[in-house]
Every structure is written in structure tokens, then in C-alpha cells.
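**Q** Sharing a model that was predicted from the sequence below.
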Amino acid sequence: MKEPEKPIAPDPTPAQVLPKNFLRPCLLLLLREQPAHGYDLLERLRPLGFNRDDPGRLYRALRTLETDGLVRSVWEKSTSGPDRRMYELTREGMELLHESVTSLKATYEILGMFLSRYTEFVALRPPKKSPAPRD
Amino acid sequence: MDELEVMRVRDEVLQAMYWLHSEAISTMPTAKELSRFLAVPEPVLVPYLERFVEDGLLERGSAAFYWLSETGMESGKRTFADEMADLTRPTHGECDADCWCHDSPEAAADCLHERTGKAHST
């Protein structure tokens, strides 16, 4: 009996394969680089694997970081619209950024080892035989 | 509706809507967009939104878009700042502005040790 075909899973998006809570160190890093508004952060998160379709995630993360004392925000006057919050890193945020990087480096090394062993295994697989030509 | 809960949700909704508006991400979100933004189920959120419309804090368009009234805008901005005010004041013994730019875990640990007299947690 023929097995039913399994549905093909879509390729994971970068956000699906990122480490858990990766948004937190990313925000700390971006704010270490320079203070920023929410919209600016949303744009700068894209190269780090986050899409900009979920601003609520950013908003909630910023609120939590602020409540935890890792980020602070101040009003910035705007001439073209309502005043906006400008976010900046606190001393505690800087310390947590350093701690997060230590942990991410360890993950990076483990992943490097995994990929190296996988590459070795793939290289050792015998090549597939091509079907014999028909007469 | 529990009035304490109404007050809590009111602050949360108005602050979120002010943030969305000020960042030019969305000035007139739908209930569905707001529920996703706040991570609250839509059927839970909608009665509160309707209540805030009745209270004159929000306005609603025919297609279930919501936006902040002038009062709602002021309230969202004010409560946002009030909620974080205690967190943004410098605390006793906090580093100088140019201190927290140390670039290594060791320097950060040394500074924290000096400030608190305790060993760093790492």
C-alpha cells in the first residue's frame, strides 16, 4: 500500500529559528548603538531576522525592558506630529547585554560544532546512482 | 465590568494607541489589530473599546476602526509618562552618564562591585 504523501512544511522564517528571547538582546544592542524611537527600532530589527508585521511584540518588549530598568524613555518633541518616546539603554541594560553575549557566544560555538559535523557527514555520503538509460 | 479592571485596561489601551499613533505605525487600528498588538483576545477587548467610546476617550468609525479622541490622546500620553516616571529617575549611587559606556563584562562587573559592594552575578 502506498504511503500517503506528507505535506511539505514551509521553510521556516528567520524569526522561527532564532533563539528564544533573542529580541531582548537585540533591542539592548540596538539601543547601545544609539538611542531610538519605536519605529526606528522596528526597521533596524529587520536585518536581525525580525519582520515588521508585529509591532506589538516590540512595544511589549520595550515596556518590559523599561519596567525591568534595562531601558529608559523620554519624550521627544515633534514638530510634525505627537511627541514620541525616545528609548535609551540604562547601566543595567548594558550589563545584561554583556551577559547575553556570553550566552549567545556559547550557543554559537555549539551550533558551529553541529554544522561542522553535519557537513562532514554529508561529504561522506555516497553519491546517488543515476538511473540506467532506456533502450 | 469590574471598574478597577476597566481602569487598568483603559491605561493599557490608551498608552498603546498613543504609541502606535506617535510612531506613525497606525492612527486608526481595528479591534483585531489592537488585540494582536496587546496580545489580548479580540472578544475580551471589544467590550472595553466600546466602553471607552462611551466615555469619550476613543472614537469609532463605521468599519470598526478606533482612534483616540483629544481627551484619550492626552490621557494616553500622560499615563505613559506617569507609569515610567519612577523608573527613569536616577537612583542613589547610580553611575555617571559617561560611566555606563564600559565595553566589557569585566569593566561592568568592576563598576557594579564598586557601586554596590557586591560581587557581579555572572
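**A** Yep, it's here.
**Q** Could you pull up phi and psi at the residue of chain B found nearest chain A?
**A** At 3.4 Å from chain A, residue B:37 is the closest residue in chain B, using Cβ to the nearest Cβ. (Each C-beta comes from the backbone N, C-alpha and C, glycine too.) Per-residue torsions, residue B:37: phi -60, psi -40 (degrees, to the nearest 10).
**Q** ok, now residue A:83?
**A** phi -60, psi 150.
**Q** ditto for the one 4 residues further on
**A** Phi and psi for residue A:87, reported as degrees, to the nearest 10, are phi -100, psi 140.
**Q** Next up, the contacts around it.
**A** For residue A:87, the contact set (Cβ atoms under 8 Å, 6 or more residues apart in numbering or on different chains) comprises A:31, A:35, A:36, A:37, A:38, A:41, A:62, A:66, A:71, A:72, A:73.
**Q** how about the residues of chain A near chain B?
**A** A:37-39, A:42, A:54-56, A:59-60, A:66-67, A:69, A:72-75, A:78, A:81-85, A:89-91, A:94-95, A:98-99, A:101-102 (Cβ under 8 Å from any Cβ of the partner chain).
**Q** In strands, which of these appear?
**A** The strands, defined by DSSP state E, take in A:72, A:73, A:74, A:75, A:84, A:85, A:89 from the residues of chain A next to chain B.
**Q** Report how many residues lie close to the first one.
**A** When you say that, I think you mean residue A:72. Around residue A:72 there are 22 other residues, counting by other Cβ atoms under 10 Å in any protein chain shown.
**Q** Please apply the same query to the last one.
**A** By the other Cβ under 10 Å criterion, the neighbourhood of residue A:89 contains 25 residues.
**Q** cool, the third one as well?
**A** For residue A:74, the neighbour count with other Cβ under 10 Å is 14.
**Q** Could I get the contacting residues of the residue nearest to it when sequence neighbours are not counted?
**A** Closest residue to residue A:74 apart from its sequence neighbours, by Cβ to Cβ, 6 or more residues apart in numbering or on different chains: residue A:86 at 5.5 Å. Applying Cβ under 8 Å, 6+ apart to residue A:86 gives the contacts A:35, A:36, A:37, A:73, A:74, A:75, A:76.
**Q** ok, now with 10 Å
**A** Contacts were defined as Cβ atoms under 10 Å, 6 or more residues apart in numbering or on different chains; by that measure residue A:86 touches A:35, A:36, A:37, A:38, A:40, A:72, A:73, A:74, A:75, A:76.
**Q** Tell me the pLDDT of it.
**A** Reported pLDDT at residue A:86 in the predicted model: 94.
**Q** what about it, distance to residue A:41?
**A** 11 Å (Cβ to Cβ, to the nearest Å).
**Q** is it true that residue B:10 lies in a helix?
**A** Yes: according to DSSP: H, G, I helix; E, B strand; the rest coil, residue B:10 belongs to a helix.
**Q** And for it, the neighbour number?
**A** 20.
**Q** And for the one 4 residues further on?
**A** Burial of residue B:14 is recorded as 24 neighbouring residues (other Cβ under 10 Å).
**Q** Please apply the same query to residue B:26.
**A** As a measure of burial, residue B:26 has 17 neighbours, counting by other Cβ under 10 Å.
**Q** got the contact list for it?
**A** Here residue B:26 is in contact with A:55, B:17, B:19, B:20, B:33, B:34, B:37, B:65, B:67 (criterion: Cβ under 10 Å, 6+ apart).
**Q** ditto for residue B:17
**A** B:26-29, B:34, B:37-38, B:49, B:52, B:57-58, B:66-68, B:72-73, B:76.
**Q** where along chain B do the helices fall?
**A** With DSSP state H as the criterion, chain B has helices at B:3-22, B:31-38, B:42-54, B:70-88, B:105-116.
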